[in-house]
Structures are given as C-alpha cells and as structure tokens.
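[1] Requesting a structural model of the entry that follows:
(one chain, ligands or ions: 2)
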Amino acid sequence: MPNYNPQEIEPKWQKYWEKNDFYRAEDFSKKPKFYLLIEFPYLSGEGLHVGHCRSYSALDAVARKKRMEGYNVLFPIGWDAFGLPAENYAIKTGIHPEETTKKNIVNYKRQLKSLGLSFDWSREINTTDPRYYRWTQWIFLKLFEKGLAYRAEIPVNWCPSCKIGLANEEVVSGSCERCGAQVLKKVLKQWMLKITNYADRLIDDLEKVNYLEKIKTQQINWIGKSYGTEIDFKVADLNETGEEDKSSSSPSLPLRESSVIKVFTTRADTVFGVTAVVLTPEHSLIKKTVKEEQKEVVKKYIEESEKKTEFERTKLEKEKTGVFTGSYCINPANNEKVPIWVGDYVVATYGGGAVMVVPAHDQRDLEFAQKYNLPIKQVICNPNFNFDQLIKGGQAYEGEGALTNSGEFNGWPSEDAREDISKWLEKKKLGRKTVQYKLRDWVFSRQHYWGEPIPIIHCSKCGQMSVPEKDLPVELPYVEKYQPTGTGESPLSVITEWVNTKCPKCSGLAKRETDTMPNWAGSNWYYMRYCDSQNDKALADSKKLKYWLPVDWYNGGMEHTTLHLLYSRFVYKFLYDIKVALTPEPYQKRTSHGIVLAEDGRKMSKSFGNVINPDDIVKSYGADTLRIYEMFMGPFDQTISWSTQGVRGVYRFLEKVWKLTLNGAGEKSSERVIRAIHKLNKKIDEDLEAIKFNTLIAAFMEFTNFWQENKKEVSKDIIERFLILLAPMAPHISEELWHQLNQKGSVHNQKWPKCDSKLIKEKTITLIIQVNGKVRDKIEVEVDIPEEEAKKLAFSREKVQKWIGGKEVKKVIFVPGKLINIVV
Ligand SMILES: [Zn+2]
Ligand SMILES: [Zn+2]
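    Residues are numbered from 1 along each chain as shown. Ligands and ions are numbered 1, 2, ... in the order given. Below is the predicted model:
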C-alpha cells in the first residue's frame, strides 16, 4: 500500500482540475445558478493569512457540494489592492505600489492554488486595473449627476507631524497610527456620498434577506434611526454682533431662524424638566450667544476639544465637561429661562448639535448637572420609586410615570405625553415630530496617491464638471513620488502636467480633482464585475447581471458589517434606482466567520513572532489537512486560537481514511453501516447550510472510527460513497483514493448522494434493566447500542440507583438487544 503523501498527490490533482477547467461558471446555463461569494483579499506583502484559509476552505466546500448537486456555481476571486496599507508599505520600502501589487498577486495566486480552492480564475479582477476602476469612476459620476456626491467642508482628522488627513480607522485612541502624534481636527473640503438618503431602505430591506441576526442588528444600530421631537429654544438675549446678520436681506425671518436652538429629543415628555441646553463646540450659534465675560474660557474650551477625536469626546465612560456661555434661552413649554452651555460630548452631526439637559430623568444629564450645580427638576413621578433618594444616590429616574410640574400636562402618563406634547408644540410652531439617524454621509475622498482618481474637473467658469464618460478611466499617473505633500492636498496635486487639463464644456483651462477614493470604492461593486469581468462597454452586461444576481451566499468578516457591507448595499441600491442593477438587494444570504488567533491567544503579528504561514502547513501536512483543520477548529462564527496539536490530529484522521480505503473492503455492508453512512450524509446536508462546519467534520471522524472497528462490514460501495461525501472538504485525498479504487472520472463530477431518511431511522428496542436479576426499569434504546453506552445509561437511572443503594457493583451482564443485569 502506498503511503499517504499529500505533497505528491495535491499538485497532481490541482493541475488536472485546472487543465480540465472544472470550475468555470457558465453564463446562462440551463442548470440552476448558485453565486457563492467570499470577500476578496486585500493584498499585503505578508501574503495569505490562515484566517483567509478558514472562510475560503469552508465556502469552497459549499461550492463543491453545490456543483455535485447540479448547480451552475459561480465562485470567483479577485484582488482588492488600492488604499492606505498598500501606500504605507510603498512609502516604507520605497517600492512603487504598482510593483508591489503585481508581486503580491503572484504570491497570493500561488498560495490560493496550493490550497486547491475551486475558484473560477477566468473571472479574476483587480481593483487597481484601469479597465476595472473605469467603472468605479463611472459609478461615482452617476452619483454626482444625481446629486448624491457633493463637496463639503468638514473637519477631518489631521496629523500635524505626517501632515496628512487620516481616516477614522487610522486614528488609534487619538493618535496617528503611523507616527503616534496627537491627531487634530482640520477643516478640509471633502467629497461626500449621501448614504443618508438611503437610511430607511437600508433598514427596511433587511426584511428581504437572510443575514445572520447579529449582522442585521449591527446594521440597524449603526444607522441608528430614532423617532423624536425637534424643539425650538429661542435665544433670550443675542449679542450685538449676532443681531447684525449682514447676509440677511429680509431682517425678520433670518433673525428668527438664526436665534433659535433646535434640540432633538426622544423624550418630549420631559421638556418641562429642562434646566440647561448644551451646544456642540462646532455650533454656529456659539459666536452669537457667548457673553463678553465668558469669551476667553469658551474659546479655550473649544480649542481643547478640537484636539480630541469624536470617539474620545463621546466615550460613554468619559466624564462630561462643559462651559457656560453666559447666555440663556427660553424653554418653549413653560417660558422659563435656561442657561446655554457648550459641551464636547455633544456632536455636531447628531440631533442638530444641541441637547436639552433634563437631570432628573437622564443619567448623563444628571452627572453633568451635579458636576456644574445645575438645578434638578422632577417632572415624572412613579410611586414605586423614591425620587429624592435616587437623586441622592446619583441615579436619575429614566422610567415612565405620571407627569408633574408640567403645566397642563400634569397627571398624564409619560408614554402618552411624548406624543401629545409634540403635537402641542407643533401647534405653537415651536416643535415638530422628526426622525434622527446616527448614520452620516460618507466621506469619500482621501488625500492619498494610491487610489482611484475622482473623475471631476474644476473649471473657474463652469464649476465642477464630470469627466465625459468617453474619457474614462482617468488613469492614475505613474509617479516616483507618492509621499504626502504636507499641505493636506493629495500627492497628485503637484503633478502639474496631469492636473492641468481642459474644461469639457468651455474648453478653457481647468484642473483635475486631485483627491482619490477610499479603499472601499473598488469593493462596493466588485461582485457585479465577476458576472462579466471582461466587459469594456458596461460595468457588466445586464443580461448576465440578471442571470447571476443576487449573490446567493456571501461570507465575510464581522468587522465589515457596518463598513463594506453597508456601503456596498447602498451603492447597489443606487444602481438599482438607475436601473443598472435589477434586484433591490445584492446579497441573499450573509454569514460571517470568526478571527483566527495565534497559538498564544494573541493576534498574529510579525512583531510577536507568532504568525502561522499557510505555506508551512501545506508543506508539512498538505492542503487537505489545513482545510479540514480550519473547518474543524471551532464554531465558524467564533474567534479561535490556532493549535498545532489540532493540525496533527486532522492529519492522522486523513491518514486513517487513506489506510482504511486501501485496506480492502468487506463483502457486503451491514445494516448499521448503511445507516451510519446515511446519517453522515444527512449531517453534511444540514450542517453545511447552517455553517456548522466543525460538527460536520466531527461526524466524519466518528464514522471513520466506526469504520475502523467494523472493517468487515464496510463494502466497496460504502467506501465510494464516503469518498464522494468527503470530496468537498478534502478534495485531493478523495480524488486520489477515488482513482486508486479504479473509478472512472473525477470524484468531483459525481452526483451528490441523497440520504434516505427511512434508512436513518433508528430501530429501537426496550432494554430491560435488572438489579440482582429483578426487573427494575425499562428504557428505549437503539437496537445496536454499544455495551458501554448501555451501562452508562443504566447507571444514570434514578430507579436503578435506588436499588443499587450505594452497594458495591460486583458484575454487569449485558445481553445485546435484550437486557442488562447489575449484580450487587
Ligand atoms: Zn502622523
Ligand atoms: Zn468651463
């Protein structure tokens, strides 16, 4: 018998599959289609991570099984390669990112192929290929034409040392990820995408898809829709400067508008309890309201807060701070004067940048009020709580109850009062019911080199102009210098021969936009390109999109739920609105996998020296071992540490399969063997859909142990069936053994076996339990229950224990299929 030698058989079969083009998906095939998608890798110099292998192996098993079930499977792969990590790497090494990308692709391709993954390589894409990003730019132009891409001045994270703007994900607890300097805020003109226009649909349409529940919840929370009331607090005494609003031509209206603080609350029922209003440091009314004597301290406070990131400002555990402006506004509910404060825990982008402080009924407000000695005014009572005692103990009462100190609403249940006070204020034109979202418009420009140029031309006469479609792509110029400029502008801005161009409308001198897109741009729509990756006339042919979309199953990282997954749903919905996409949602099913940690439980990192390279595992144990191990290592959606011990265990399992198969088969299979293989079949069918890959592999191991103990009862047809079932998980060894058994054709072209549920049904008997020969209990068990299990069951029975009565067990007699007798 030859030894199990994965190093020899794996490359052999990989070549065979490739030569015979096994995994090509066929457009418009008569077979039912199945589009299975994994998140394409973001290229890094370090190559493939074993974390990639985890989801790729598992989903490859799904792809292979679906093909055997008769589906026309699209399982594509490509490269995500624009963006900051690639640029940083280039700056560090001095090698141009284009060179690095090329090299990385070669390496990743070699690695993926060595795992025997069944990708359709004919559809490979690369987000940095001009033929690809032409369409990323085209989508941007469409968004721009529809008013969904616009420029706005917004504060961005600014590293004063690197002299660049940073994305939120590049700011690590207030410091620059690259150099560690304290990050400041700087107002820059940025391109924005109006994802907020789609907020409702992004929530509502989750009903139409089959995502893991936690994924849906995260998206809904991220969008953060809340119903509430916007209430107008009129500023009581404006500054002189505030009243002389030079830009206003009609004096009455703008003054009213500009002297009102609009506050958003979900608890309009507590409006009579307001004892202060707090403005975000960015609020436009601060200048007009701050009193002379408070100017210095307010100015200082604002400067301090500019140094903080929004994350730091709004951290829940952070102590809330603020300063008094010296001015007051009027509570529209009771006409009381309440002080106006500035506090940096209020953010500009939510609720209009102002909050009302109700210390009695909001915990955060209470802490703020107790710190700054603001009055605490109870407006809701509940007989089950002693309000004064709560406040003394530092607890606000946030529950429901009857209104008090609330004018004509006294005695009303607070739940009803929310609605009624809203209506009442609305009638007085001092408030209105409204909806708020936490979701912000998406900052879509970066001042970096390595990204898709934004296809806009600035003309001093005509303004912002689209690059004409026929001139796409706007290619990224190849430059030697891609370092940051230090001015906050993109490195592209210094390439004058590229920047200077003609206006497409008036032909006058004009300049190209020099910002580039963020690294999410290319991944927004890549799964559409797979449907028709070579098309030069459209991002994809609409018939092909119609045939393949939506994606039937998309698996990816949980960390992408609120970024990539949400962004790409938004872009797809936009494309649906302009009739490029033909279904309202892009992905029918979404699952996610957990992270793979190092053996020491830490993140794998070069600096810790604990990185597991998939190449080494393939070299030592083979790809099948790596694949099975990663499916087996733990529940798929949970974070798990690597275990070399576990890898060895899987290798031994495959060795056992190898030996048992080649050892020769029994004449005829016994009934229980037939039942066992059908049970295994069923387990795979169920667990694969439910992403329970670990229990599925465990079932294989269980069967193999059973097989080893009962070799003579396992005939050739059962072994063949076993190999077919194993093929999606361990494609190489099953192919090799299939051929060793003199079977014709590939194991991967076999029909997936159907399990017969009649055969699975266990035949049960009533097992009699005796103690000293007397019947004391009866239990239903499988007809072929093993002796050990029967004993364990018998001893676990309460009745039996009672008759044993703590006495020493002398003997246990087991008569299979009949009885068990315990002698004490
Ligand atoms: Zn820096
Ligand atoms: Zn012009």
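[2] Give the next helix or strand downstream of the one helix or strand in the chain whose mean pLDDT sits lowest.
    Within the chain, confidence by mean pLDDT, DSSP states H and E is lowest for helix 252-258 among all helices and strands, at a mean of 42. Note on helix 252-258: by DSSP states H and E, the next helix or strand toward the C-terminus is strand 260-265.
[3] Need the contact partners of that next one.
    228-235, 271, 277, 279, 285, 329, 340, 350-352, 354-356, 434, 436 (CB atoms under 8 Å, 6 or more residues apart in numbering). (Glycine included, C-beta is placed from N, CA and C.)
[4] let's see 10 Å
    Under the criterion CB atoms under 10 Å, 6 or more residues apart in numbering, residues 226, 228-235, 271, 274, 277-279, 283, 285, 289, 329-330, 332, 340, 350-358, 362, 418, 422, 430-432, 434-436 lie in contact with strand 260-265.
[5] what lines up beside that strand in the sheet?
    Within its sheet, strand 260-265 is paired with strand 226-235 (antiparallel), according to DSSP bridges.
[6] gap between the partner strand and the chain center?
    With CA atoms, centre = their mean, to the nearest Å as the basis, strand 226-235 stands 34 Å off its chain's centre.
[7] then that strand to CSV, C-alphas only?
    Written as CSV, here are the backbone C-alpha positions of strand 226-235 (Å, rounded to 0.1, in the frame of the first residue of the first chain):
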residue,chain,number,x,y,z
SER,A,226,-34.9,57.2,16.3
TYR,A,227,-38.2,58.9,16.4
GLY,A,228,-38.5,62.0,18.4
THR,A,229,-39.2,65.7,18.5
GLU,A,230,-37.3,68.7,17.4
ILE,A,231,-37.9,71.5,19.9
ASP,A,232,-37.1,75.2,19.4
PHE,A,233,-35.4,77.1,22.2
LYS,A,234,-35.3,80.7,21.4
VAL,A,235,-32.1,82.5,22.4
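[8] Leaving out the residues flanking it, which one is nearest to the spatially most central residue of the chain?
    Note on the chain: the residue nearest the mean C-alpha position is residue 561, at 2.1 Å, using CA atoms, centre = their mean. Closest residue to residue 561 apart from its sequence neighbours, by CB to CB, 6 or more residues apart in numbering: residue 218 at 4.6 Å.
[9] Quick check: phi and psi at that neighbour.
    Backbone torsions of residue 218, given as degrees, to the nearest 10, read phi -60, psi -40.
[10] quick revisit: next step: the contacts of strand 260-265 restricted to strands.
    Using DSSP state E, the subset of those located in strands is 226, 228-235, 277-279, 329-330, 340, 354-357, 431-432, 434-436.
[11] Mind giving me the ChimeraX command for buried ones among these?
    Buried subset of the ones in strands among the contacts of strand 260-265, written as a ChimeraX selection, criterion 16 or more other CB atoms under 10 Å:
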select :228,229,230,231,232,233,234,235,277,278,279,329,330,340,354,355,356,357,431,434,436
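[12] Now do the helices in the stretch 301-450 of the chain.
    Using DSSP state H, counting those that start in this stretch, the helices of the stretch 301-450 of the chain run over 310-314, 363-372, 387-392, 414-427.
[13] other SSEs contacting the longest one?
    Which is helix 414-427. Applying 3 or more CB pairs under 10 Å, 6 or more residues apart in numbering; DSSP states H and E, we find helix 414-427 packed against strand 226-235, strand 380-381, strand 402-403, strand 431-436.
[14] Hey, what's the angle from that helix to strand 226-235? Just curious.
    In terms of direction (axes from the mean of the first three to the mean of the last three CA atoms, to 10 degrees), helix 414-427 departs from strand 226-235 by 50 degrees.
[15] can you tell me the residue of the stretch 601-750 of the chain closest to ligand 2?
    Nearest residue of the stretch 601-750 of the chain to ligand 2 (CB to the ion) works out as residue 606 at 50.8 Å.
[16] Surely that residue is in contact with residue 46?
    Yes - the criterion here is CB atoms under 10 Å, and residue 606 meets it with residue 46 at 7.2 Å.
[17] on that earlier part again, looking at the helices of the stretch 301-450 of the chain, which one has the lowest mean pLDDT?
    Least confidently modelled of the helices of the stretch 301-450 of the chain is helix 310-314, at a mean of 70 by mean pLDDT.
[18] Flag every residue of the protein that's near ligand 2.
    Residues of the chain lying close to ligand 2 by CB under 5 Å from the ion are 459, 461-462, 503, 505-506, 508.
[19] Reformat these as TSV; add distance to residue 643 and pLDDT.
    Putting the residues of the chain next to ligand 2 into TSV (distance: CB to CB, whole Å; pLDDT from 0 to 100) gives the following:
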residue	distance to residue 643	pLDDT
459	62	97
461	67	96
462	63	96
503	63	96
505	64	95
506	67	96
508	67	96
